[in-house]
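J.: test case, fold it:
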Amino acid sequence: MRTYAIGDIHGALDKLEAAHRLIAADRAVTGDAVAPVVHIGDLVDRGPDSRGVIDYLMRGIAGGAPWIALKGNHDRMFERFLGDPDSHDPGLRESLHWIDPRLGGGTTLASYGVEGAGERLLFDLHDEAVAAVPQTHVAFLGGLKLHYRRGAALFVHAGIRPGVPLDRQTEDDLLWIRRDFLDDTSDHGMLVVHGHTPVEAASHYGNRVNIDTGAGYGRPLTAVVIEGDQVWHLTGDGRAPILPPG
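T.: Next up is the predicted model:
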């Protein structure tokens, strides 16, 4: 059972297109045209073309591509801002708002032609954003999956709360969890493939695989392929194994 996955995109359309070319090259070698591609969330923010990323994913899915798009915390912040400019995601520090440059909401709005985030009244910014963001994009954000299970692998944006059954996981944990998940070395009963916390290179920890390599900070966007309990990084030179410790 083969599954492809792509890390946190953060508005980097050019890197997303390059990742799909690597997947296409691997499909040509394996002859597998139907294995799903899981986009691990954080489709938007920080990078220059969040609108283009959403358009690209929507076109592919509408055209029958076997793609799954998961919701990340940044996608939820964007969605909630469009519903209420005063919304504050519980995963954020109280002093932070989605349009803060550290979060990159302003670059997402700019990709829709809405300029001046952080310089204009929030409600004026919101009114223009509601008019500029197509309802098809709003619906797409609202329909993003929180997780995807295939074979022995679970794909989720941030991780899971250890010891809690999947059907009892909270959305906040699936989108925001860090230390309680990252520091846990126990067997989750499945290999958890996630992003959310950038690492220098895609890394296998035995019970989880982190594929967020910091595309939102100008670093590479990683594509991997998983077959059973084996994981490979897709490169221009083919597959490179990502091995667990020991």
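J.: so residue 75 sits against residue 142, correct?
T.: No - in this structure, residue 75 sits apart from residue 142 without contact. The criterion is Cβ atoms under 8 Å, and the distance is 9.8 Å. (C-beta placed from N, C-alpha, C; glycine too.)
J.: who has more neighbours, these two?
T.: For residue 75 and residue 142, the more surrounded residue by other Cβ atoms under 10 Å is residue 75, and the numbers stand at 25 against 13.
J.: need the distance between the two termini of stretch 62-74.
T.: Terminal residues of stretch 62-74 lie 23 Å apart, using Cα to Cα, to the nearest Å.
J.: return the set of buried residues in that stretch.
T.: Buried residues in stretch 62-74, counted by 16 or more other Cβ atoms under 10 Å: 67, 68, 69, 70, 71, 72, 73, 74.
J.: filter the residues you listed down to the ones in helices?
T.: 73, 74 (DSSP state H).
J.: biggest separation within the buried residues of stretch 62-74, which pair?
T.: Farthest pair in these (Cβ to Cβ) is 67 and 73. Separation: 20.5 Å.
J.: ok, back up a step: for residue 45, state which of the buried residues of stretch 62-74 is nearest.
T.: Each of these was scored against residue 45 by Cβ to Cβ, and residue 74 proved nearest at 4.2 Å.
J.: the closest one reaches residue 10, doesn't it?
T.: Yes - with contact defined as Cβ under 8 Å, residue 74 and residue 10 form a contacting pair (7.2 Å).
J.: overlap in contacts, those two.
T.: When contacts are counted by Cβ atoms under 8 Å, 6 or more residues apart in numbering, residue 74 and residue 10 are jointly contacted by 42, 43, 44, 45, 46, 104.
J.: residues in contact with residue 205?
T.: If you count contacts by Cβ under 8 Å, 6+ apart, residue 205 has them with 185, 244, 245.
J.: now do the SS call for the residue nearest the centre of the chain.
T.: With distances taken as Cα atoms, centre = their mean, the residue of the chain nearest its centroid is residue 41 (1.7 Å). With DSSP: H, G, I helix; E, B strand; the rest coil as the basis, the three-state label of residue 41 is coil.
J.: what about it, distance to residue 68?
T.: Using Cβ to Cβ, to the nearest Å, we find residue 41 at a distance of 10 Å from residue 68.
J.: and what of residue 84?
T.: With the distance defined as Cβ to Cβ, residue 84 ends up 28 Å from residue 68.
J.: equivalent analysis for residue 167, please.
T.: 19 Å.
J.: just residue 179 next, same as before
T.: Going from residue 179 to residue 68 by Cβ to Cβ gives 27 Å.
J.: what does residue 79 give?
T.: Per Cβ to Cβ, residue 79 is found 18 Å from residue 68.
J.: what are the boundaries of the helices in this structure?
T.: Listed in chain order, the helices of the chain (DSSP H) span residues 13-30, 50-62, 73-83, 105-111, 122-132, 135-142, 171-176, 179-182.
J.: could you find the closest non-adjacent residue to the residue nearest to the centre of the chain?
T.: For residue 41, the nearest residue in space outside its immediate sequence neighbours is residue 72; the separation is 2.9 Å by Cβ to Cβ, 6 or more residues apart in numbering.
J.: enumerate every residue touching that neighbour.
T.: With contact taken as Cβ under 8 Å, 6+ apart, residue 72 is in contact with 8, 40, 41, 42, 43, 157, 158, 175, 195, 196.
J.: may I ask which two of those are separated the most?
T.: 43 and 158 (14.3 Å).
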